[in-house]
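[1] attaching a predicted model along with its sequence, questions to come.
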Amino acid sequence: MGSQRERRTDPYPLTWEIPSAIFAGSVLALVLGVHLGRGLANLTAGTSWGWPAPSQLFRSAIGVLQGDASAGVDVGLPVAGPNALLAWVLGVELVVMLGYAALIWLCLHRWGPNRTLGVASVDEARQLLGRQRLYAARRVIRPDLYGRKVKR
């Protein structure tokens, strides 16, 4: 007998829109992470928070990655040093990547190809069958937990 995946048909073909939206969102999140790391580095150096104009968002990210903490913004002196700047940017980017990994994991478990199809959640089963009926059928529903105990 085949698996669930073989019996299931997908009426929607995979097109370029979803992967390109994911790619564009990832690039934007990484660029915003660079500027967030620069802002935190400048705050810890005693300078005011600075955010670039929308037209300078991508252009100034390259300068920040090269070690210039004032690229694209007007902040007072002193700005964060290159080492502190890169440490903050790397820290923020690590958090962004961990967030993306968690999001990918959640999406794959919810909508991915190996998800379990046709199984009710605990709340749905409780609402449909009621607590007493679930308790009475516990040996059938979960024989691994509530099966007959072997007497020795």
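    Sure thing, it's come through.

[2] centroid residue for this protein?
    Nearest to the mean C-alpha position of the chain, by C-alpha atoms, centre = their mean, lies Leu103 at 2.5 Å.

[3] what number of residues lie near Ala87?
    Ala87: 15 surrounding residues under other C-beta atoms under 10 Å. All C-beta spots, glycine's among them, are computed from the backbone N, C-alpha and C.

[4] that one: what secondary structure?
    At Ala87, secondary structure determined by DSSP: H, G, I helix; E, B strand; the rest coil is helix.

[5] that one and Gly37, how far apart?
    9 Å (C-beta to C-beta, to the nearest Å).

[6] Gly50 too?
    12 Å.

[7] residues shared between the contacts of those two?
    Shared contacts of Gly50 and Gly37, defined by C-beta atoms under 8 Å, 6 or more residues apart in numbering, are not found at any residue.

[8] could you pull out the helices for this protein?
    4-7, 17-44, 57-65, 82-111, 122-129, 131-136, 138-141, 143-146 (DSSP state H).

[9] tell me which of these lies nearest to Val75.
    helix 17-44 (5.9 Å; C-beta to C-beta).

[10] the inter-axis angle of the closest one versus helix 82-111?
    150 degrees (axes from the mean of the first three to the mean of the last three C-alpha atoms, to 10 degrees).

[11] what helices and strands are in contact with helix 17-44?
    helix 57-65, helix 82-111 (3 or more C-beta pairs under 8 Å, 6 or more residues apart in numbering; DSSP states H and E).

[12] now distance to Val140 and mean pLDDT too, for those helices, in CSV please.
    As requested, those are exported to CSV (distance: least, C-beta to C-beta, whole Å; pLDDT from 0 to 100):
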stretch, distance to Val140, mean pLDDT
helix 57-65, 59, 93
helix 82-111, 27, 93
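
[13] got the end-to-end distance for stretch 73-92?
    19 Å (C-alpha to C-alpha, to the nearest Å).

[14] gap between it and the chain center?
    26 Å (C-alpha atoms, centre = their mean, to the nearest Å).
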